[in-house]
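Q: output the structure for:
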Amino acid sequence: MTAWLADALTLGRLALAVGLVLVGTMATEVAQAIRQITLWLLLGWTADIADGVLARLTPKPTRWGRWDFPLDMAMVVGSILGLTAAGAISPTLSLGYLMVAAFLVWRFPTKATTMAVACPAVFAPFVLAHRWEPEIFWWSVLWAVAMLALNWRRFEEIVLDFVDTFPGGHLRPLGKAWRQRRTLRHPTSAS
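A: The predicted structure is shown next:
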């Protein structure tokens with residue numbers, strides 16, 4: 001049952017990615033789209049955290065666990081497309097960003113590269129919310145602080161995974177130093 005629920009939360013992010021695009025195309029005003037997209041993203045990121053917790057409780061990998069990160073990225077792209085459709089981001093900027101991101105991921109095919117190029121897109125809805133929907137922005141900050149407090153160890157693992165897989169290995173000494181300082185073991189699996 002736990003694995004099934006983890007998989008359902010993982011697959012739900014695909015529907016959410018499509019929904020983010022639809023929200024942007026159907027919005028009648030920019031502020032409305034930013035508000036809805038930001039709230040939907042908070043729901044999606046909460047599902048991402050929850051499916052990870054549930055997946056780690058199962059004795060073997062979940063059926064859809066290997067799709068967790070690609071579906072996270074689908075959700076990020078969906079938010080950018082939704083914001084573009086709503087008029088919050090210029091189509092030229094979005095197209096240029098997506099083309100550069102695709103090239104960098106193709107040229108340096110690591111999870112760290114994908115995480116690095118996705119970072120602006122992950123934060124764009126929240127930065128826009130700061131201007132258009134300040135209340136939603138501050139609720140998002142509160143959500144982020146709460147999630148970090150509840151999941152700090154997992155956050156460290158994700159950051160160390162990024163450091164370990166960054167192209168060229170230039171960041172590995174930082175990861176080694178952090179592990180020595182925090183007496184963390186190198187994770188045997190990332191999910």
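
Q: from now on I want contacts and neighbour counts done on CA atoms only, so please keep to that.
A: Noted.

Q: could you list the low-confidence segments of this structure?
A: Scanning the chain for pLDDT under 70 picks out 184-191.

Q: all the helices of it, in order from the start?
A: Taking DSSP state H as the criterion, the chain contains helices spanning 2-26, 30-57, 68-86, 91-107, 111-132, 134-150, 152-165, 172-182.

Q: now the fifth one against helix 68-86, angle please.
A: In terms of direction (axes from the mean of the first three to the mean of the last three C-alpha atoms, to 10 degrees), helix 111-132 departs from helix 68-86 by 40 degrees.

Q: and the contacts of helix 111-132?
A: 31, 34-35, 37-38, 73, 76-77, 79-80, 83, 88, 101, 104-105, 136-138, 140, 161-163, 165-167 (C-alpha atoms under 8 Å, 6 or more residues apart in numbering).

Q: those, buried ones only, as a PyMOL selection?
A: Selecting only the buried entries of those in PyMOL, with 16 or more other C-alpha atoms under 10 Å as the criterion:
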select buried, resi 31+34+35+37+38+73+76+77+79+80+83+88+101+104+105+136+137+140+161+162+163+165+166+167
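
Q: what sits against the residue nearest the centre of the chain?
A: Residue closest to the average C-alpha location in the chain (C-alpha atoms, centre = their mean): residue 72, at 5.1 Å. Applying C-alpha under 8 Å, 6+ apart, we find residue 72 in contact with 13, 48.

Q: tell me how far residue 162 lies from residue 150.
A: Using C-alpha to C-alpha, to the nearest Å, residue 162 is found at 20 Å from residue 150.

Q: comparing the helices of the chain, which comes out most buried?
A: Among the helices of the chain, helix 68-86 has the highest mean neighbour count (mean count of other C-alpha atoms under 10 Å), at a mean of 23.

Q: now it: how far from the chain's centre is it?
A: 9 Å (C-alpha atoms, centre = their mean, to the nearest Å).

Q: what does stretch 59-72 give?
A: The answer for stretch 59-72 is 14 Å, by C-alpha atoms, centre = their mean.

Q: neighbouring contacts of stretch 33-43?
A: The contact list for stretch 33-43 (C-alpha under 8 Å, 6+ apart) reads 16, 20, 23-24, 27, 75, 79, 82-83, 86, 88, 125-126, 128-129, 132-133, 136, 140, 143.

Q: try 6 Å this time
A: Among residues not part of stretch 33-43, those counted as contacts by C-alpha atoms under 6 Å, 6 or more residues apart in numbering are 20, 24, 27, 125.

Q: identify, from these, the entry nearest to residue 10.
A: Minimum distance to residue 10 across those is 15.8 Å, recorded for residue 20 (C-alpha to C-alpha).

Q: neighbours around residue 169, how many?
A: For residue 169, the number of neighbouring residues by other C-alpha atoms under 10 Å comes to 10.

Q: any idea how far the closest residue to it other than its chain neighbours is from residue 116?
A: Leaving aside its chain neighbours, residue 169 sits nearest to residue 163 (7.9 Å; criterion: C-alpha to C-alpha, 6 or more residues apart in numbering). In this view, residue 163 and residue 116 are 11 Å apart by C-alpha to C-alpha.

Q: noted, bye for now.
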